[in-house]
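Colleague: next come a sequence and a model predicted from it.
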Amino acid sequence: MSDPALSAIQRVSLVLLSSVLNALILTGILIWDFGLFIYNIFAPLRVRGKVTPAGHPGAGGKWPEYVAPKEGDSRCSCPAINALANHGILSRDGRNVPIRMLTPTLRSTYNVAPTFCVFVPRYIAQILGRSYLNDTFDLADIDVHNGIEHDGSLTREDTRFSPDQSRPSVPLVKELLASASGPPLPGSTDPTLTAADLSRLMSKRHAESMKHNGQFSLSTFHKLFASSNSATLVTVFGGRVDDLRTWLLEERLPEGWESRVRQSMGLTIAAFQGPVLGIEMGVEEELREGLRSVI
């Protein structure tokens, strides 16, 4: 057999092997996640004021110093990751970050399940064509269009109009916060952001993007991804507008803040599907109404 033919066979074999391994890893993550989901049902909740583990940044609500990004620092369209860099939980310049470091930092900061914290960085590694275990990235790297970043965001203008996705759109964030219609939570005078509010605003935002952005694209995967991003606002942040204002506009964790997720093993992928699908189904239901409002 000629060398080119042998080389082609080897490449195809490696692609097939990689696909099989990825499928096995994903299956393992989902099985593990279901086990954590069941465990959380019976395990005691974390004590308020002690959701962030002792010995980790943010324990007792005491977050490391916040420093706004400087010229030359790398940031991305994800406020959750940007906040980690702004507080020095990841490298402050946002450069040469080991991909695998996202797992423990997301886990301890936001109390999301370890399965979630492996799944997301592995996805980032895949869209960048890098190794989850061995490679690094700059935060801005993940803003490849339709990777993590997508059109119709509630906090960023579409890439066509704003190629730099590292900073939030202040008008969009203010509109998001102003859409809150739920009753104030204890200790707050602001209305609370609800899943229905998010569905309604996402319907309007998608309709506006479709009307004004001739290059608008939003696959089924990214529709669900957008709903997942929105769901963190009502799960991890409990819909509290006062906390969200600081987090979304400054990408800073408020002093004294801790995740509103109190389950022992954190927010699992399985548990997350309820709020995600609730928001997404509301978006689909209200999309025509949103289109009519901008036509």
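Modeller: Ah, there it is.

Colleague: state the phi and psi torsions of A125.
Modeller: Per-residue torsions, A125: phi -60, psi -40 (degrees, to the nearest 10).

Colleague: touching, it and N134? I think so.
Modeller: No - counting by Cβ atoms under 8 Å, A125 does not reach N134; the two are 9.4 Å apart. C-beta here means a position set from N, CA and C on the backbone, and glycine is covered the same way.

Colleague: residue ranges with poor pLDDT in the stretch 51-200 of the chain?
Modeller: Counting by pLDDT under 70, not a single residue of the stretch 51-200 of the chain qualifies.

Colleague: and the strands in it?
Modeller: Using DSSP state E, counting those that start in this stretch, the strands assigned to the stretch 51-200 of the chain run over residues 97-98, 136-137.

Colleague: make a markdown table out of these and add distance to W32 and mean neighbour count.
Modeller: Below are the strands of the stretch 51-200 of the chain laid out as a markdown table (distance: least, Cβ to Cβ, whole Å; neighbours: other Cβ atoms under 10 Å):
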| stretch | distance to W32 | mean neighbour count |
| --- | --- | --- |
| strand 97-98 | 22 | 19 |
| strand 136-137 | 25 | 18 |
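
Colleague: of all these, which lies closest to N213?
Modeller: strand 136-137 (27.2 Å; Cβ to Cβ).

Colleague: show me what that closest one is packed up against.
Modeller: Judged by 3 or more Cβ pairs under 8 Å, 6 or more residues apart in numbering; DSSP states H and E, strand 136-137 is in contact with strand 97-98.

Colleague: the strand it packs on pairs with which strands?
Modeller: Paired strands of strand 97-98, with direction, are strand 136-137 (antiparallel) (DSSP bridges).

Colleague: on that earlier part again, tell me which of A125 and N134 has more neighbours.
Modeller: When neighbours are counted by other Cβ atoms under 10 Å, A125 and N134 differ, and A125 comes out ahead with 20 against 10.

Colleague: so what's the more buried one up against?
Modeller: By Cβ atoms under 8 Å, 6 or more residues apart in numbering, A125 lies in contact with I99, S131, Y132, D135.

Colleague: need phi/psi at the second one.
Modeller: Backbone torsions of S131, given as degrees, to the nearest 10, read phi -90, psi 130.

Colleague: once you drop chain neighbours, what's closest to it?
Modeller: In space, and not counting its chain neighbours, S131 is closest to A125: 6.3 Å by Cβ to Cβ, 6 or more residues apart in numbering.
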